[in-house]
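In: Here's a sequence, model it:
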Amino acid sequence: MTKEASFDVVSELNLEEVKNAIQMTTKELTNRFDFKGSTVEIKMENNHLTIVGDDDFKLEQIKDVLFGKLVKRGVPIKNIQFGETQHALGSKARQVAQLISGIDRENGKKVTTAIKNSKIKVKAQIQEDQIRVTGKNRDDLQAVIQLLRKLDLPIELQFTNYR
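Out: A predicted model of the protein is given here:
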């Protein structure tokens with residue numbers, strides 16, 4: 001009997017790398033000439049990221065620098081979803097982002113139906129916030145990985161525990 005091969009589909013954020021990117025962004029922006037005397041606040045609490053700047057333009061510049069640092073550290077930007085910009089007293093602008101880690105039910109169903117509709121001979125099952133894909137042929141598993149990379153999902157997928 002042949003042993004089945006498997007891998008897990010996950011969507012994870014390394015929170016330590018996010019913290020490092022926040023520190024590097026804050027350090028860079030406090031030293032930049034165009035941010036002298038400006039408000040730059042980036043806070044991470046639980047699974048939320050809060051950015052405070054002087055106005056919408058500064059807020060976008062802060063996000064741009066932060067995204068550059070996150071990409072360099074290998075953090076998937078798709079898993080950071082920003083909400084509406086809020087304007088506070090003193091003409092400050094604030095934006096809150098949710099840090100998404102794990103595959104929710106809705107996206108899990110999209111992934112499993114895409115695998116089933118592809119007619120590749122593998123089994124996919126949702127296990128809490130990840131999906132386990134098993135099959136007898138490793139080439140089929142590689143085909144599933146290629147298929148999932150082409151899917152347009154609001155989260156970034158990673159593939160782990162390939163056995």
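
In: Name the strands paired with the lowest-mean-pLDDT helix or strand in the chain and say parallel or antiparallel.
Out: Lowest on mean pLDDT, DSSP states H and E among the helices and strands of the chain sits strand 80-88, with a mean of 89. Counting by DSSP bridges, the strands paired with strand 80-88 are strand 92-99 (antiparallel).

In: now the partner strand, how far from the chain's geometric center?
Out: With CA atoms, centre = their mean, to the nearest Å as the basis, strand 92-99 stands 16 Å off its chain's centre.

In: Can you give me the buried ones in that strand?
Out: By 16 or more other CB atoms under 10 Å, the buried positions in strand 92-99 come out as 92-97, 99. C-beta here means a position set from N, CA and C on the backbone, and glycine is covered the same way.

In: Run through who's touching it.
Out: Residues outside strand 92-99 that contact it (CB atoms under 8 Å, 6 or more residues apart in numbering) are 13, 15, 18, 39, 44, 47-56, 58-59, 63, 79-88.

In: in the least confident helix or strand of the chain, what's buried?
Out: By 16+ other CB under 10 Å, the buried positions in strand 80-88 come out as residue 80.

In: Can you spell out the domain ranges of this structure, please?
Out: Following automatic domain parsing, the chain resolves into domains at 5-12+102-160, 15-99.

In: just how off-centre is the least confident helix or strand of the chain within its chain?
Out: 17 Å.

In: Tell me the pLDDT of residue 2.
Out: What the model reports for residue 2 is a pLDDT of 58.

In: just the one 5 residues further on next, same as before
Out: pLDDT for residue 7: 92.

In: Quick check: bridge partners of it?
Out: residue 133.

In: what's the neighbour count on it?
Out: Using other CB atoms under 10 Å, the number of residues around residue 7 comes to 21.

In: Tell me how far it lies from residue 59.
Out: Residue 7 sits 39 Å away from residue 59, going by CB to CB, to the nearest Å.

In: Kindly report the same for residue 115.
Out: 39 Å.

In: now do residue 94
Out: 8 Å.

In: show me what contacts the residue nearest the centre of the chain?
Out: Closest residue to the average C-alpha location of the chain: residue 79 at 2.2 Å, with CA atoms, centre = their mean. Counting by CB under 8 Å, 6+ apart, residue 79 touches 11, 13, 99-101, 155-156.
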